[in-house]
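Student: here is the input, now give the coordinates:
(one chain, ligands or ions: 1)
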Amino acid sequence: MKEVFKAVNVSDCVYWVGSIDWDIRDFHGYSTSRGTTYNAYIILADNITLVDTVKAPFKEEMLSRIASIVDPKEISIIISNHSEMDHSGCLPEIIELVEPEQVYASVMGVKTLSNHFHFDREITAVKSGESISLGNMEISFMETRMLHWPDSMISYLSEEKILFSQDAFGMHLASSELFADEIDDVLLHDEAAKYFANILLPYANLIPKTIEKIGKLNVDLEIVAPDHGPIRRTQADIKEILEHYALWAEQKPTNKAVVIYDTMWQSTHLMARAICEGVGDSGGYVKPMQLSTVHRSDVATELLDAGALIVGSPTINNNMFPTVVDVMSYLKGLKPKNLVGAAFGSYGWSGEAVRQMEGILDEMNVERAGESITCKYVPDGETLERCFNLGKQVGQKLKNNIK
Ligand code: FEO
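Tutor: Numbers count the residues shown, from 1 in each chain. This is a model prediction of the structure:
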């Protein structure tokens, strides 16, 4: 069985030796509906080097792929670009097996690995701008703190013009086709956007500087090799992802309003429908999402290129509806920017939910585009008209914001 797992040639002396996780559907709260890959790479330099490892249960798959080109015990250097356990989970076992001469990580990576594995193994810290010799080649490092962990760094192999970008420029997409030019463009775009929205958005303000720093490396990138999803080896694919990262990081408002809500007895649903009609009437593009039918990570993805977030919830036991609590808590953590919004919802007697949603919108710095609407039990015509007008107000505000 082991022999079926082969290394895949990426360039003259670099091979992909990662693993494909076809089955994962939840990645710490992110819905990985198309699975993922954990990418690791072997550099067949004088000093054979392993860049990153894989999630612990996939160790044997990685070792088998390595063994298809070289005896794993010949690895003399391991580079850990990122300590999160999808890339470091089997690192202690690999170190024990391979007994490499050196293991490198960023300054924070050394600490983070130690905090994870509590091992005695000495890890050598490297800083931004530092290079190490692999014998006949050189690899240099750039720390990318908080993209998306404090330890994150990327590595550049100048001889092959390959950027090992760890989580950056990646996506959760299991595929037997390992290169972006072999995969449908729409699928690539959508999964890359989802990854950015759910993983990198809280630190989006750091992205332009990172792209600038990559530019300052003064190198012609020929290959971008992330730790998840397809490898980019054409100039068009590299340009595409860099441009999209710059665009997504900007979070420039569009005329799109995302209306998220849940409902108990259809009252808040009716209000949502009227609001959506109002947004549409004012020329805005509306995306209604009833939260019992969509995943929080898909809401985050929709919000990436939106200009408005409108949120609705009935009051249940003095609180927001559970699905609304879940999604609002998740969205707040992702820190989306440049949004306008509003809150609405029905209630029976106490009606706290709307006030609670307003509080979260305020914490998220979402500018209120109109007065929130509450409705006792079931909306009448007058209430639905108010909802319609609130939608129009939001749509108008969007129009003004994108002028
Ligand atoms: Fe793919 Fe942040 O780990």
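
Student: got a pLDDT number for whichever residue of the stretch 1-150 of the chain sits closest to the ligand?
Tutor: Relative to the ligand, the nearest point of the stretch 1-150 of the chain is residue 84 (3.5 Å; Cβ to the nearest ligand atom). To be clear about C-beta, it is placed using only N, CA and C from the backbone, and glycine gets the same treatment. In this model, residue 84 is scored at 98, pLDDT.

Student: go ahead and confirm it touches residue 149.
Tutor: Yes: counting by Cβ atoms under 8 Å, residue 84 touches residue 149, with 6.0 Å between them.

Student: quick check: the residue of the stretch 1-150 of the chain closest to the ligand vs residue 227, distance?
Tutor: 9 Å (Cβ to Cβ, to the nearest Å).

Student: what residue ranges in this structure score low on pLDDT?
Tutor: 1-2, 218 (pLDDT under 70).

Student: those helices in it, which residues are they?
Tutor: 59-67, 85-88, 91-98, 107-117, 185-195, 207-216, 235-250, 267-281, 296-304, 322-334, 353-363, 381-401 (DSSP state H).

Student: so can I have JSON lines of the ones you listed showing mean neighbour count?
Tutor: Listed next are the helices of the chain as JSON lines, based on neighbours: other Cβ atoms under 10 Å:
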{"stretch": "helix 59-67", "mean neighbour count": "20"}
{"stretch": "helix 85-88", "mean neighbour count": "22"}
{"stretch": "helix 91-98", "mean neighbour count": "18"}
{"stretch": "helix 107-117", "mean neighbour count": "18"}
{"stretch": "helix 185-195", "mean neighbour count": "18"}
{"stretch": "helix 207-216", "mean neighbour count": "15"}
{"stretch": "helix 235-250", "mean neighbour count": "16"}
{"stretch": "helix 267-281", "mean neighbour count": "22"}
{"stretch": "helix 296-304", "mean neighbour count": "21"}
{"stretch": "helix 322-334", "mean neighbour count": "19"}
{"stretch": "helix 353-363", "mean neighbour count": "18"}
{"stretch": "helix 381-401", "mean neighbour count": "20"}
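
Student: of all the ones you listed, which one is nearest residue 289?
Tutor: Smallest distance to residue 289 across these (Cβ to Cβ): 5.7 Å, for helix 296-304.

Student: helices or strands up against the closest one?
Tutor: If you count contacts as 3 or more Cβ pairs under 8 Å, 6 or more residues apart in numbering; DSSP states H and E, helix 296-304 packs onto strand 30-31, helix 185-195, strand 256-261, strand 285-290, helix 322-334.

Student: distance between the shortest one and the chain's centre?
Tutor: Put simply, strand 30-31 sits 10 Å off its chain's centre (Cα atoms, centre = their mean, to the nearest Å).

Student: and what of the third one?
Tutor: In terms of Cα atoms, centre = their mean, the centre of strand 256-261 is set 20 Å apart from its chain centre.

Student: contacting residues around that strand?
Tutor: Residues outside strand 256-261 that contact it (Cβ atoms under 8 Å, 6 or more residues apart in numbering): 268-269, 271-272, 275-276, 279, 284-291, 299, 302-303, 305-313, 324, 327, 344-345, 391, 394-395, 398.

Student: send the alpha carbons of that strand over as PDB?
Tutor: Coordinates of each C-alpha in strand 256-261 appear next as PDB, following Å, rounded to 0.1, in the frame of the first residue of the first chain:
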ATOM      1  CA  LYS A 256     -23.300  44.000  -1.900                       C
ATOM      2  CA  ALA A 257     -25.400  43.600   1.300                       C
ATOM      3  CA  VAL A 258     -25.200  40.300   3.100                       C
ATOM      4  CA  VAL A 259     -28.400  39.800   5.100                       C
ATOM      5  CA  ILE A 260     -27.900  37.100   7.800                       C
ATOM      6  CA  TYR A 261     -30.700  36.000  10.000                       C
END
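
Student: that strand pairs with which strands, and in what direction?
Tutor: strand 285-290 (parallel), strand 308-312 (parallel) (DSSP bridges).

Student: deepest of those strands, which one?
Tutor: strand 308-312 (a mean of 30; mean count of other Cβ atoms under 10 Å).

Student: gap between it and the chain center?
Tutor: 22 Å.

Student: again with stretch 213-227
Tutor: 20 Å.

Student: need the contact list for the residue in the stretch 151-300 of the chain that the ligand sits nearest to.
Tutor: Closest residue of the stretch 151-300 of the chain to the ligand, Cβ to the nearest ligand atom: residue 167 (4.4 Å). Contact analysis of residue 167 by Cβ under 8 Å, 6+ apart lists 82, 84, 147-148, 152, 199-200, 226-228.

Student: now do the longest strand along the chain: which elements does it pack against?
Tutor: Identified as the longest strand of the chain according to DSSP state E is strand 340-347. Where contact means 3+ Cβ pairs under 8 Å, 6+ apart, strand 340-347 is packed against helix 267-281, strand 308-312, strand 315-316, helix 353-363, strand 367-368, strand 373-376, helix 381-401.

Student: the first one: how far from the chain's middle?
Tutor: Pointing back at helix 267-281 there. 30 Å.

Student: next: the last one.
Tutor: Distance, stretch centre to chain centre, for helix 381-401: 32 Å (Cα atoms, centre = their mean).

Student: quick one, that helix and strand 340-347 angle?
Tutor: Angle of helix 381-401 versus strand 340-347, following axes from the mean of the first three to the mean of the last three Cα atoms, to 10 degrees, is 170 degrees.

Student: who in this structure is up against the ligand?
Tutor: 82, 84, 86-87, 148-149, 167, 227-228 (Cβ under 6 Å from any ligand atom).
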